[in-house]
Structures are given as C-alpha cells and as structure tokens.
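Below are the sequence and a predicted model; questions follow.
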Amino acid sequence: MTTPDWTTIQAEIADSILTLTLNRPDRLNAFDRVMHHELGEAIAYAATAPGIRVIVLTGAGRAFSAGGDMSQPPPDIAAFAEEAEDARRIVSGMLDCGRPIVCRMNGDAIGLGATVALLSDVVIAADTARLADPHVRAGLVAGDGGALIWPLICGIMKAKYYLLTGDMVAAPEAERLGLITRAVPPDDLDRETSRIVSMLLANAPLALKWTKRAINAHMDGYGRLLFETSLACEGLTMMSKDHSEFRRAFMEKRKAGFLGA
C-alpha cells in the first residue's frame, strides 16, 4: 500500500501498522511550518486510511523532537492563524483518531514534541530521553497543547511547575509521574514497542476505538475550550517584545533579557 509523499514525515505501513517518523534529524526533528502542517495531514491520513490498526509515532536520529524551529522568521498574524489551525488539526486529530497511537520516544521530546508524545495513547520512551515544555523560556504560552495535556496527565501542581519553569523531566521520573507509560533502556525500545503494539493488535478494533473515545471524553467541552484559550494566549505572546528578544538572543547565542512587554 502506497503512502502520501510528505517532505518531513516518513510513512511506512507493514502488518496493519502505520509508522510515522518525524524526519528532520539534522534539526533534531524541530517543527518548521512544513512539518507542522504535514503532521496534521499525516494524523488525518492515519485516522482514515484503510487497513491500519495501530499508529506508531517516532523520530529520526537521536531526538524525538526539539519542538519549534526557532531558526525560522517569526510569523505575522496571518501566518500564526494558519499555524493555529494546524495545531488544532494535530491536537484534535490525535484525540479523535479511533486507532491507538503509540509513541516510540527515541530521544528528547521538547515543546510541541512533548505535546505530540503526551497526546499519544501509549508512550514508550528510552530511559535516556527527557521531556520539557519550555515555552516560557521563549517568552511564549504553551498554547499548542501543552497547557491542555500536562495538567490532565500529571495534575495541576506538577504541570504548573514544569510549564512555569520549563524544567526537564527525565523519562524514568516521567514514568513515575504518570506522564509516560514506560521508560526502558534504549536497546529495549524496539522490543517493548513491538510488544505493546502486538497487545493492541490482539484486541478488537471497535472496542479499542470506543474505549479511547470514552477516555478522551474527559477532554471534551471544557478541555477544548481550554485549548482555544491557551492558543489565543500563545498568539498574544508570539507578538510580544519578549518573544522577539528571545529570537534575537537565540540567533546571537546569548541569554535573553525579558522586560515583560
């Protein structure tokens, strides 16, 4: 079965399993605008393409995803509106997809990369990997899904700590907090992922679909409203002087000096 030919997402189907690989290893799979758009397309394809029972998400190279690609120029209002729509497609697509999504977290998952990992139904991580959502360090709100999913998984207080500080959490601690399903040695990552996928394939597809729907009903209504609010707040900070300062500091390889403006 042929798959769409995306630029930044590699797709492969074998034995009813669709593997989607974030494929910008030279940039640690950081999301540029193309990959941001293509991941939304890939999730929509994964939800509807015939013959697929389980979806595996992973990254090429040594990282799962380093988050947003800060080497890009900042978006104007029109470009941010397009990015916001792509963010909706990713978040809603992953939550609404009737097929189980297994994240094979081969390395660090940062920012949007962490959101994509945590929106998955099962997360198997290399125990050398780390998660973080450091939007605040870039002068931004974690509006593209982080403010939605972190509190739901690990609770308000822990989520406040990680989202307000941008601190890293190592995979073993992430497992203890319930952020991820399992942390395993890197050499065991493929074996454990295959074991979980096999367990999912052994179960009834409709039962999996509607069990996932029932669980994710926790995020309907209030959760969707929260996402829209956080996305709007991110848009406000995207246009701030502090975020512009962060981008200049990033390119000049220095520490940003935030002014609260």
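Structure received. Model, not experiment: these values are computed from the prediction. Residues are numbered from 1 along each chain as shown.

correct me, but residue 59 touches residue 19?
No. With contact defined as Cβ atoms under 8 Å, residue 59 does not count as touching residue 19 (11.3 Å). (Each C-beta comes from the backbone N, C-alpha and C, glycine too.)

quick one: which of these two has more around it?
Shown here are residue 59 and residue 19; by other Cβ atoms under 10 Å, residue 59 has more neighbours (28 against 20).

Torsion angles phi and psi at the more buried one?
phi -120, psi 150 (degrees, to the nearest 10).

roughly how far apart are it and residue 92?
22 Å (Cβ to Cβ, to the nearest Å).

Output the below-cut-off pLDDT ranges for the stretch 101-250 of the chain.
For the stretch 101-250 of the chain, applying pLDDT under 70 flags no range at all.

Mind doing that once more with 80?
220-224 (pLDDT under 80).

for it, what spans make up the strands?
For the stretch 101-250 of the chain, the strands defined by DSSP state E, counting those that start in this stretch cover 101-105, 109-110, 122-126, 130-132, 169-170, 182-184.

Quick check: bridge partners of residue 104?
Beta-bridge pairing of residue 104 under DSSP bridges involves residue 58, residue 124.

is it true that it touches residue 56?
Yes. The pair residue 104 / residue 56 is scored as a contact, 5.6 Å apart, by Cβ under 8 Å.

shared neighbours of these two, anything?
Both residue 104 and residue 56 are in contact with residue 193, where contact means Cβ atoms under 8 Å, 6 or more residues apart in numbering.

Check the gap between the spatially most central residue of the chain and residue 38 for me.
Compute the mean C-alpha point of the chain, and by Cα atoms, centre = their mean the closest residue is residue 116, 1.5 Å away. Distance, residue 116 to residue 38, by Cβ to Cβ: 13 Å.

With residue 69 instead?
Per Cβ to Cβ, residue 69 is found 13 Å from residue 38.

so which of the strands of the stretch 101-250 of the chain comes closest to residue 14?
strand 101-105 (14.1 Å; Cβ to Cβ).

ok and the closest one relative to strand 122-126, angle-wise?
When axes from the mean of the first three to the mean of the last three Cα atoms, to 10 degrees is applied, the directions of strand 101-105 and strand 122-126 differ by 10 degrees.
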